[in-house]
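Q: sharing a sequence plus its predicted fold:
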Amino acid sequence: IMALPARAQELNLRGAIDFHVHQGPDSVKRAIDADDLARLSKSMGMRGMVMKNHWQPTALLAYLMRKQVPDFEIFGGITQNIALGGINLEAVKRMVATHGGYGRVIWLPTFDNDTPAKRAKNQPSVPISKDGKLLPGVLELIAWIGTQPGLVLETGHATPQEGLMVIRE
C-alpha cells in the first residue's frame, strides 16, 4: 500500500463512500491498483467506493475486490462509451446480472460524449439527444433502469441541457 501524504492522514474519512474512483488495472495509467486502493481506503476508515472505468464494466472487479478486502463495500458499473457499444441496454443488463449484484451504476457517455468539437473533427462519439430530445435508446435505458431497484444512473459527461433532460425523464 502506498504511503499517504501527511495532510491526507489528517482527513476524517470514517464512513465515507467515494462514488467515483478510477483504479488500475486499466488501459491508461492509474495511480493505484484496485486492491491497494480498497485496502488503503478501508485503513482510513472509509465505508466503501464505486469503481469506474471508461472502457470496461467494473462489476466483476467489485466482486473480486470484495473477496480481497472483506467488510468494505465496493460497487462497480458500466459506461455507455463506444468500447461498450454506446447506448447499450444489453450490456447494462449483463453488468447488472454479474454474480454478487455489485454492478449498480450506469454512466451515460463519458470519454465518448458527443460534442461540437468532436463533430467538427469527425471523431466518433455517442450522442444521447437530437433536436432537444433524448434519443429512443436513451429513453429505453432510463425506463429499464427505473424498473430495477438499487441502480443509479449518472449523466456522464452530458451537456448541462442533456443532463437536465435526463433528470426530468
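A: Received the coordinates, thanks.
Q: and Ala59, what does it touch?
A: For Ala59, the set of contacting residues under the criterion of CB atoms under 8 Å, 6 or more residues apart in numbering consists of 75-78, 95-96, 98, 100, 102-103. Placement of C-beta: from N, CA and C, glycine included.
Q: would you point out the most distant pair within the residues you listed?
A: Of all pairs drawn from those, the one with the longest distance (CB to CB) is Ile78 and Gly100, at 14.6 Å.
Q: looking at the two now, which is surrounded by more residues?
A: Per other CB atoms under 10 Å, whichever of Ile78 and Gly100 has more neighbours is Ile78, with 25 against 15.
Q: what does the host helix or strand of the more buried one rub up against?
A: Of the helices and strands defined by DSSP states H and E, Ile78 is found in strand 73-79. Applying CB under 8 Å, 6+ apart, the set of residues contacting strand 73-79 from outside is 17, 38, 47-55, 57-63, 65-66, 84, 91-92, 95, 98, 102-111, 152, 154, 156.
Q: weed out the non-buried ones from the contacts of Ala59.
A: Of all the contacts of Ala59 considered here, the ones buried according to neighbour count by 16 or more other CB atoms under 10 Å are 75-78, 95-96, 98, 102-103.
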